[in-house]
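K.L.:
Here is my input; please provide its structure:
(2 chains)
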Amino acid sequence: MNWRKLRVFVLTVLVLCLIPATRYYQIDVPLMRYLKGSRTVDPLSLHLAGEFVENNLGTEQGADGSVTVRMIAQQYLFVPHCILVPAGVPVHLRITSADAVHSLAFNGTIYNVKVLPGTISEARLQFSSPGEFKTVCREFCGAGHYAMRSALKVVPRDQFPVLRSGERGNCEAR
Amino acid sequence: MRPDRRQGFQGWSSPWLLALAVVVTAGSLMLVASDSRPEQIPSYVSWTPETIAAASAGDAFRGMLLAKRCEHCHGAEGFSDKSTTPNLAGMDRLAIWKELEDFRSHKRESRTMQPIAASLSSRDLADVVAYYAKLPVFTDLQDNRSFPQPRPDPSHAGMASHLISFGDGGRGIPPCQSCHGPVAYHIGVPSLANQNGDYVLGQLEAFANRNRANDINMPMRTISTLLTDEERYALAEYYGSGLGLEPGSNR
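P.N.:
Okay, here's the model as predicted:
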């Protein structure tokens, strides 16, 4: 038996196994923060004060045209349930969890953002063309995990409504 | 000899300059205030360990005496005779406690319940929810209760049972039982198995119309908007007929 050949073969297989892991853009900075114990938000009182109060959720348009999306992931919903962003504009996503560990993935894109209670996960996204993407949770979070889906709607830049300061955009029925 | 440092500030003593300074300060404060909008707070309840300990530390016997006031509407055994009034028997104590707390802080609208909740002390609240949590759930008609209603037709029951067990992944509706039981519970969420149908329907519609907005982080406002009118009605019929107490009976 040629042990050297076997060793090379096993190592190659292991390295090949790692390739699918690079397919998704995993943002593990919040995980590191969480493990270090530096919690930046209190998951139990998101609704009382701070950035994630319910009238601050959704798409915010800055004075310079930049776009910030704030979301909450909770068992078993993303709030707001449908996000509206303009195409071709850098989107700053800020998301936190109210209970368990979730993972926000936009199906058909490379983005997959890990969401942990107590920390704010940030990501810079950009969608080149208009379209509608399914938003799913990719981290098992409990009994209703598989139904934890929502939508992301990318509209052309000229169709995106001009939001005043204090106004938040999303594509919910109400 | 001390140098007169105040000489440079002589101008400030002029009343006109003082008035100008006051106006500028007030104006800038008002600008800052108008820029930051008031926060929309659904409920002042936050499920910290202290809150849970305070809400769970009630005395059920004292609660029984206090609950004499509730009998007229909610029934002597926690089952109401009007189907639009909620049944309280056997309900999770944190769930009733949160609603009473929201009635007290006017975060949930009710002309009847707001003054009643306001007249109770924090200790009374914990006691009365401890009593209702201990009441047994019997499905037979023991007094003049409206629960359970007659069974719905099978198509409605099937639709509701599917939503309760599996939800609708395509539209992003989680299964009801992943929070409302019997499979899994979320903190402060009421069990619906022995709830009156008309009450369930009324609350689903109120959430969808934003007439009720005291759900923390908006889960029910989101889900009830996603449900169709027929689905809301089917769910209310299912729970109101007691099928939720015997899951699996209508699959």
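K.L.:
quick one, helices of the stretch 1-150 of chain B?
P.N.:
B:15-35, B:49-56, B:60-66, B:71-74, B:93-104, B:113-118, B:122-134 (DSSP state H, counting those that start in this stretch).
K.L.:
swap in chain A?
P.N.:
Remark: helices assigned in chain A by DSSP state H are A:3-18, A:29-36.
K.L.:
now do the stretch 151-251 of chain B
P.N.:
According to DSSP H, counting those that start in this stretch, the helices that the stretch 151-251 of chain B contains are B:154-166, B:177-180, B:197-208, B:219-226, B:229-240.
K.L.:
worst average pLDDT in the helices of chain A?
P.N.:
Note on the helices of chain A: lowest mean pLDDT is at helix A:29-36, with a mean of 60.
K.L.:
what's the domain layout of chain B?
P.N.:
B:49-134, B:154-245 (automatic domain parsing).
K.L.:
Pick the most buried one from those.
P.N.:
Per-stretch averages of neighbours, counted by mean count of other CB atoms under 10 Å in any protein chain shown, single out domain B:154-245 among the domains of chain B, with a mean of 20. C-beta here means a position set from N, CA and C on the backbone, and glycine is covered the same way.
K.L.:
near chain A at all, it?
P.N.:
Yes - judged by CB under 8 Å from any CB of the partner chain, domain B:154-245 and chain A are in contact via B:166-175, B:177-179, B:183-184, B:186, B:210, B:216-219, B:222-223, B:225-226.
K.L.:
From the chain's centroid, how far away is that domain?
P.N.:
Centroid displacement of domain B:154-245 relative to its chain, using CA atoms, centre = their mean, to the nearest Å, is 14 Å.
K.L.:
Show the end-to-end separation of it, please.
P.N.:
17 Å (CA to CA, to the nearest Å).
K.L.:
quick one: average pLDDT of it?
P.N.:
On average, domain B:154-245 scores 92.
K.L.:
Stretch B:67-85 too?
P.N.:
Mean predicted confidence for stretch B:67-85 is 90.
K.L.:
again with stretch A:145-152
P.N.:
Mean predicted confidence for stretch A:145-152 is 92.
K.L.:
For that stretch, what is the distance to the chain centroid?
P.N.:
Taking mean C-alpha positions (CA atoms, centre = their mean), stretch A:145-152 and its chain are 12 Å apart.
K.L.:
Run through who's touching it.
P.N.:
A:75-78, A:80-83, A:85, A:102, A:106, A:132-137, A:141, A:171, B:166-175, B:178 (CB atoms under 8 Å, 6 or more residues apart in numbering or on different chains).
K.L.:
returning to that earlier point: export the helices of the stretch 151-251 of chain B to CSV and tack on distance to A:Gly118?
P.N.:
CSV is the format used below for the helices of the stretch 151-251 of chain B (distance: least, CB to CB, whole Å):
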stretch, distance to A:Gly118
helix B:154-166, 31
helix B:177-180, 21
helix B:197-208, 28
helix B:219-226, 20
helix B:229-240, 34
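K.L.:
For chain A, which residue gets nearest to chain B?
P.N.:
Of all residues in chain A, A:Gly144 sits closest to chain B, at 3.3 Å by CB to the nearest CB.
K.L.:
burial count for that residue?
P.N.:
Look at A:Gly144: counted by other CB atoms under 10 Å in any protein chain shown, it has 24 neighbours.
K.L.:
List the residues that contact it.
P.N.:
Listed by CB under 8 Å, 6+ apart, the contact partners of A:Gly144 are A:75-76, B:167, B:174-175, B:178-179, B:184.
K.L.:
Surely B:Glu109 touches B:Ala213?
P.N.:
No - counting by CB atoms under 8 Å, B:Glu109 does not reach B:Ala213; the two are 9.1 Å apart.
K.L.:
which intervals of chain A have sub-threshold pLDDT?
P.N.:
Applying pLDDT under 70 to chain A picks out residues A:20-39, A:172-174.
K.L.:
For A:Ala63, grab the count of nearby residues.
P.N.:
Counted with other CB under 10 Å, the neighbours of A:Ala63 add up to 6.
K.L.:
Just give the nearest non-adjacent residue to residue 160, would you?
P.N.:
In the absence of a named chain, chain A is used. Counting by CB to CB, 6 or more residues apart in numbering or on different chains, A:Phe160 lies nearest to A:Pro86, which is 3.8 Å off, once chain neighbours are set aside.
K.L.:
you looked at the wrong chain, it should be chain B
P.N.:
B:Tyr238 (3.5 Å).
K.L.:
now that neighbour: how far from chain A?
P.N.:
18 Å (CB to the nearest CB, to the nearest Å).
K.L.:
Could you pull up the residues touching that residue?
P.N.:
Residues near B:Tyr238 by CB under 8 Å, 6+ apart: B:152, B:156-157, B:160-161, B:164, B:197, B:244, B:250.
K.L.:
swap in B:Leu88?
P.N.:
B:Leu88 neighbours (CB under 8 Å, 6+ apart): B:70, B:74, B:78, B:96, B:132, B:135.
K.L.:
how about 6 Å then?
P.N.:
With contact set as CB atoms under 6 Å, 6 or more residues apart in numbering or on different chains, B:Leu88 has these partners: B:74, B:78, B:132.
K.L.:
Between the residues you listed, which sits nearest B:Phe61?
P.N.:
Comparing those against B:Phe61 with CB to CB places B:Tyr132 closest, at 13.0 Å.
K.L.:
Need the per-residue pLDDT for the residue lying closest to the closest one once chain neighbours are set aside.
P.N.:
Nearest non-adjacent residue to B:Tyr132, counting by CB to CB, 6+ apart: B:Leu88, 4.3 Å away. Looking at B:Leu88, its pLDDT stands at 93.
K.L.:
who in chain A is up against chain B?
P.N.:
The interface of chain A toward chain B, taken as CB under 6 Å from any CB of the partner chain, is made up of A:44-45, A:47, A:53-55, A:72, A:74, A:76-77, A:79, A:81, A:98, A:143-144, A:146-147, A:149-150, A:166, A:173.
K.L.:
From those residues, list the buried ones, please.
P.N.:
The neighbour count (16 or more other CB atoms under 10 Å in any protein chain shown) marks A:44-45, A:47, A:53-54, A:72, A:74, A:76-77, A:79, A:81, A:98, A:143-144, A:146-147, A:149-150 as buried among the residues of chain A next to chain B.
K.L.:
Okay, and which of those residues map to strands?
P.N.:
A:72, A:74, A:77, A:79, A:149-150 (DSSP state E).
K.L.:
which of these lies closest to B:Phe147?
P.N.:
Nearest member of these to B:Phe147, counting by CB to CB, is A:Leu77, at 29.1 Å.
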